[in-house]
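Here is a sequence with its predicted model. Questions after.
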Amino acid sequence: MARRKFLLFRTLNLNIMKTTLLTWMLTALSIAAIAQTKTKNVVMISVDGCRWQEIFRGADSVLFYTKKYRQQDSAAMSKKYWGKTVAERRNKLMPFFWNTISKQGQLYGNRDLGNLMNVRNKYWFSYPGRSETLCGYYDEKVNSNDYPNNPNENVLEFFNKQKGMEGKVVTFASWDALSRILNRERNGMLVNIPGEKVKGNNLTEAQKLANELQNYLPEYFGKSVRFDAHTYALTRSYIQANHPRVVHIDFADMDEFGHHGQYDSFLDGAHYVDAMVASLWNYMQADPFYKDKTTIIVYPDHGRGTGDSWTSHGTSAPGSNETWMAVIGPDTPASGEMKSQSQVYQDQFAQTVAQLMGLKFTANHPVGEPVKTVFK
């Protein structure tokens, strides 16, 4: 009897050991599979309030020819952005998106083709949208643009904790709420917001000029916002001087011009974002540190309404929950405009970015699943 018990006990122990070993091996293989990516650097570019309609259709004829939404010369605007077909209009508005990303990367969110992307939160405006995107999590308590420091951990601070990436994760934002959305008081990351200069003992001439230029334009939208050109100049000069691994740029011009009902300037904002993304991509492909090792992802935090409601967003403006995403990099198939009927949510963004970098994002909250079609 004693021997039978001993043999049974030994068999159980061996089975437990085998199960444990198998679990460990599967976990290791899973981690290894995630880690096998070519992306070593990532640039995340948020475009506040940029509608999918302009990305995929170009200029909206109803708004384009409504005089109250236009301050610039109509003939000049038509030459810049108008065309007889959707393809012509969107190519004029976003040439880098449609000549480069559509051929080398992916574009999600053309609802005319049934390719859907939405925020998961029920508020459809800025702080909740950015929080959901960067944290990979919809927190119902985050319900105001005046919300204090975000208690939810974000993918940027996750990156900043990884070996070899400490201090190499930076944000440059056109809206000052990003300091609270990313909770820089908690994590100590560089989050540069309007009115702040880049500091350092060895600033390049380009960085000094970018700092200085902030003082030379009026605060057109108030002290909480600066023009995207300033944000881009600060970002680009910092990248050239320091070569960070993770760059997060938060643009705001389009949302501000939208709220002011200036559709001509709203279109200019989209066109300039496209040009800045192109400039940054071309620079990085010429720099050995970034070349063929960098993914750029562009996306909004929410959409906008349609018709006369285009100036607003939130639940009072139907369609404001509709978003889009553009991806280009070494790990993403050149699928171009995604035409499959499918649904992607904004809370999937954070894990997608993490896994592009060969990591699995974990936080003090649940995290959305990655967008699997982004990967080869």
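It's in.

Only C-alpha atoms from now on, for both contacts and neighbour counts.
Noted.

which residues in the stretch 51-200 of the chain form strands?
For the stretch 51-200 of the chain, the strands defined by DSSP state E, counting those that start in this stretch occupy 106-108, 115-118, 169-173, 190-192.

Determine how far the last one lies from the middle of the whole chain.
Right, the one you point to is strand 190-192. Mean C-alpha position of strand 190-192 versus that of the full chain (C-alpha atoms, centre = their mean, to the nearest Å) differs by 16 Å.

Please identify the pairing partners of that strand and their relative orientation?
strand 169-173 (parallel) (DSSP bridges).

which residues touch the partner strand?
156-157, 159-160, 189-194, 231-232, 234-235, 244-251 (C-alpha atoms under 8 Å, 6 or more residues apart in numbering).

and what of stretch 81-89?
By C-alpha under 8 Å, 6+ apart, stretch 81-89 touches Phe56, Arg57, Gly58, Ala59, Lys92, Leu93.

Tell me which two in the residues you listed are the farthest apart.
The largest separation in the contacts of stretch 81-89, counting by C-alpha to C-alpha, is between Phe56 and Lys92 at 11.5 Å.

of those two, who's got more company?
With neighbours defined as other C-alpha atoms under 10 Å, Phe56 and Lys92 compare such that Phe56 has more, 25 against 19.

pLDDT weak spots in the chain?
Within the chain, the segments meeting pLDDT under 70 span 1-35.

Helices of the stretch 151-300 of the chain, start to end?
Using DSSP state H, counting those that start in this stretch, the helices of the stretch 151-300 of the chain run over 155-160, 178-181, 184-187, 205-213, 228-242, 253-259, 263-286.

Is it possible to get those helices out as JSON lines so that each row also shows distance to Tyr147 and mean neighbour count?
Converted to JSON lines, the helices of the stretch 151-300 of the chain look like this (distance: least, C-alpha to C-alpha, whole Å; neighbours: other C-alpha atoms under 10 Å):
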{"stretch": "helix 155-160", "distance to Tyr147": "19", "mean neighbour count": "22"}
{"stretch": "helix 178-181", "distance to Tyr147": "8", "mean neighbour count": "22"}
{"stretch": "helix 184-187", "distance to Tyr147": "14", "mean neighbour count": "14"}
{"stretch": "helix 205-213", "distance to Tyr147": "28", "mean neighbour count": "17"}
{"stretch": "helix 228-242", "distance to Tyr147": "23", "mean neighbour count": "20"}
{"stretch": "helix 253-259", "distance to Tyr147": "19", "mean neighbour count": "23"}
{"stretch": "helix 263-286", "distance to Tyr147": "27", "mean neighbour count": "19"}
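
Save those helices as CSV, and put in distance to Thr133 too.
Listed next are the helices of the stretch 151-300 of the chain as CSV, based on distance: least, C-alpha to C-alpha, whole Å:
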stretch, distance to Thr133
helix 155-160, 9
helix 178-181, 11
helix 184-187, 17
helix 205-213, 28
helix 228-242, 20
helix 253-259, 17
helix 263-286, 19
